[in-house]
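Peer 1: Got a predicted model here, sequence first, then my questions.
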Amino acid sequence: MLCQICHEREATIHLKQTRQGQKKEYHLCEVCASEQNLGQQMKSYLNQMFGSAPLTVGNIFNPAGGIPEFGPGGGQQLICPTCGLSYQDFRKTGLFGCSHCYDAFSERLDPVFRRVQGNIRHHGKKRSGHQTETAEAVSAVADTAAAPLGPPSDAVRLETLRHKLKTAVEQEDYERAAGLRDQIHSLEAKQRQEKEETT
Amino acid sequence: MSWYAEAGPDSDVIISSRVRLARNLETLPFPHRMSRDQAREAASLISERFFDGDESLKKDYLVLELDEMSQEDQMALVEKRLISEELVVAKQYHKVMIRRDESVSIMINEEDHIRIQSMRPGLDLEAAYRAAETAAIRLEEQLPIAYSDTYGFLTACPTNTGTGMRSSVMAHLPALTMSGVMRQVAESLAKMGFVVRGLYGEHSKSQGNLYQISNQLTLGSSETELISDLKQMLQQIIEQERHNRRVLHEQSALLLENRVMRAYGILRHARLMPSEEAFALLSDLRLGIALGIIDQVKTEDINRMQSAIGPASIQKAHGRLMTPEERDQARAETIRSLLNQ
């Protein structure tokens, strides 16, 4: 059976839903199901049935658990364990409840920051008087943050490249630095082009 | 001596530069989610640790508990731009530590636990940043400040995350305003991530051709980069404003001189002076000084007048609540005495 939406790929997700007395059946491929936010819907459906959240159905559709960020119902389950603020309340008020909300909501924050700030990683001064993680760790964070999404986004790649360039320059490895600089330039050019196309 | 009593670089166009840094405690919820006890804890912890073991620092700062001040006294601080209106509204153990030269103020329990603000005369964002940063380093060393390697300094609102820094200037742009291009300028600046606002911040309309221009982004660039971006853009605004002023002066010298000298005459002799009129006339005077039309008054004098004529400042100076008409009279007196010195 072909997917109801794209009529191209094999439907592998079969879902029956009853809403306001009306029964609906969905036969979708993984790609379209993920786009339709069914992952989240099915997850809460299963949660209702089993009364807990042992299955991460969302993760089957999208390894990053990436429900389309601003889709309906998105983020219902995320709650900050420290202050009790839900992701939904954060979306409503636009304010975090405490500094630990950043950890609790981390999987949803990249698109938020991309929209608000046009960037997703800190590049400024580090906190004074505290032991901070090493530069390698920062780079690793950027790498792992991108990993579950498959290929990292251009913004993350740029960020990582810039960091590597800085390290290369600091180590006076100019040959490597030149290579990295070229990669950065071509990525930046690509981003500019994409930006022009969208505007 | 207050910062505004000096003239700074490019002070013909840029009146003052301001840098604000947001910091938070990782041990407490952000102010909008704090209980009264938590707010009290934050307020005492921050000021105690800031001064901890440094007697000379203690002498440099004035500590004000807003709960113990009248609404007028609080608003007078807003008019002098030493605190934000949000801090007044906060109401829960809101507090400010102000350096005696008024160059740095540290607000406690505003939208974030700590908001450090530094002001310098003219276009001098670097100096403003250095002063704010000095206070920030002290606080970071003394307190559990919320920070992550990924997101930088963690703030209540995602629009401040990262550097927690907002850099801005107060610009006097009469020629750009008169030529009717301000709207266009504001729109094109918005596309580059800068925001143009009226005198008293968000949503307020421009008074006396004064505009607040700020950098909106806080994540992804370093403090130095953000400041230099703003500065580069401002250099262009300054050049455009100066060019427009020259053209205006060349094309209609008599009209412009008449306008400036009339403003001077009215300000020196009027017996009633509403706030809006005062701002408009002071703007004319400021323009006259910059173009060399008038030399009896200095830019610093205008700055001093401007910070003394807001409704709350007038009432504070007279130590009582006043009707609008009484205020207009007192405002006229204040300006006359400053101009006839």
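Peer 2: Sure thing, it's come through. These numbers were taken from a predicted model, which means no experiment stands behind them.
Peer 1: only C-alpha atoms for contact and neighbour calcs from this point on.
Peer 2: Noted.
Peer 1: Phi, psi for B:V13 please.
Peer 2: phi -120, psi -40 (degrees, to the nearest 10).
Peer 1: My guess is it contacts B:I238. True?
Peer 2: Yes: the pair B:V13 / B:I238 is scored as a contact, 6.3 Å apart, by C-alpha atoms under 8 Å.
Peer 1: More neighbours: which of these two?
Peer 2: Neighbour count, other C-alpha atoms under 10 Å in any protein chain shown: between B:V13 and B:I238, B:V13 has more, with 24 against 19.
Peer 1: ok, the nearest residue to the more buried one once chain neighbours are set aside - contacts?
Peer 2: Leaving aside its chain neighbours, B:V13 sits nearest to B:H172 (5.2 Å; criterion: C-alpha to C-alpha, 6 or more residues apart in numbering or on different chains). Applying C-alpha atoms under 8 Å, 6 or more residues apart in numbering or on different chains, we find B:H172 in contact with B:12-15, B:208-211, B:283.
Peer 1: Is it possible to get TSV of these that adds secondary structure and pLDDT?
Peer 2: Formatted as TSV, those follow (DSSP: H, G, I helix; E, B strand; the rest coil; pLDDT from 0 to 100):
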residue	secondary structure	pLDDT
B:D12	coil	94
B:V13	coil	96
B:I14	strand	96
B:I15	strand	94
B:G208	coil	90
B:N209	coil	93
B:L210	strand	93
B:Y211	strand	94
B:S283	helix	96
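Peer 1: Reformat these as a markdown table; add distance to B:S222.
Peer 2: Putting these into a markdown table (distance: C-alpha to C-alpha, whole Å) gives the following:
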| residue | distance to B:S222 |
| --- | --- |
| B:D12 | 29 |
| B:V13 | 26 |
| B:I14 | 23 |
| B:I15 | 25 |
| B:G208 | 33 |
| B:N209 | 31 |
| B:L210 | 28 |
| B:Y211 | 25 |
| B:S283 | 35 |
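Peer 1: Going by neighbour count, which of the residues you listed are buried?
Peer 2: Among the contacts of B:H172, those buried by neighbour count (16 or more other C-alpha atoms under 10 Å in any protein chain shown) are B:12-15, B:208-211, B:283.
Peer 1: List just the nearest of the residues you listed to A:G179.
Peer 2: Of all the buried ones among the contacts of B:H172, A:G179 sits closest to B:I14, with 42.3 Å by C-alpha to C-alpha.
Peer 1: buried residues in whichever strand or helix holds B:E140?
Peer 2: In the assignment (DSSP states H and E), B:E140 maps to helix B:125-142. Neighbour-count burial for helix B:125-142 flags B:125-129, B:131-133, B:135-136, B:139-140, B:142 (criterion: 16+ other C-alpha under 10 Å).
Peer 1: check these against chain A, which are close?
Peer 2: Counting by C-alpha under 8 Å from any C-alpha of the partner chain, B:E140 from the buried residues of helix B:125-142 sit close to chain A.
Peer 1: just checking, what packs against the helix or strand harbouring B:L338?
Peer 2: Using DSSP H and E, B:L338 maps to helix B:324-339. If contacts are counted by 3 or more C-alpha pairs under 8 Å, 6 or more residues apart in numbering or on different chains; DSSP states H and E, helix B:324-339 sits against helix B:253-269, helix B:299-308, helix B:311-318.
Peer 1: which residue does the stretch 101-250 of chain B bring closest to chain A?
Peer 2: B:S222 (3.7 Å; C-alpha to the nearest C-alpha).
Peer 1: Could you check the pLDDT of that residue?
Peer 2: pLDDT for B:S222: 95.
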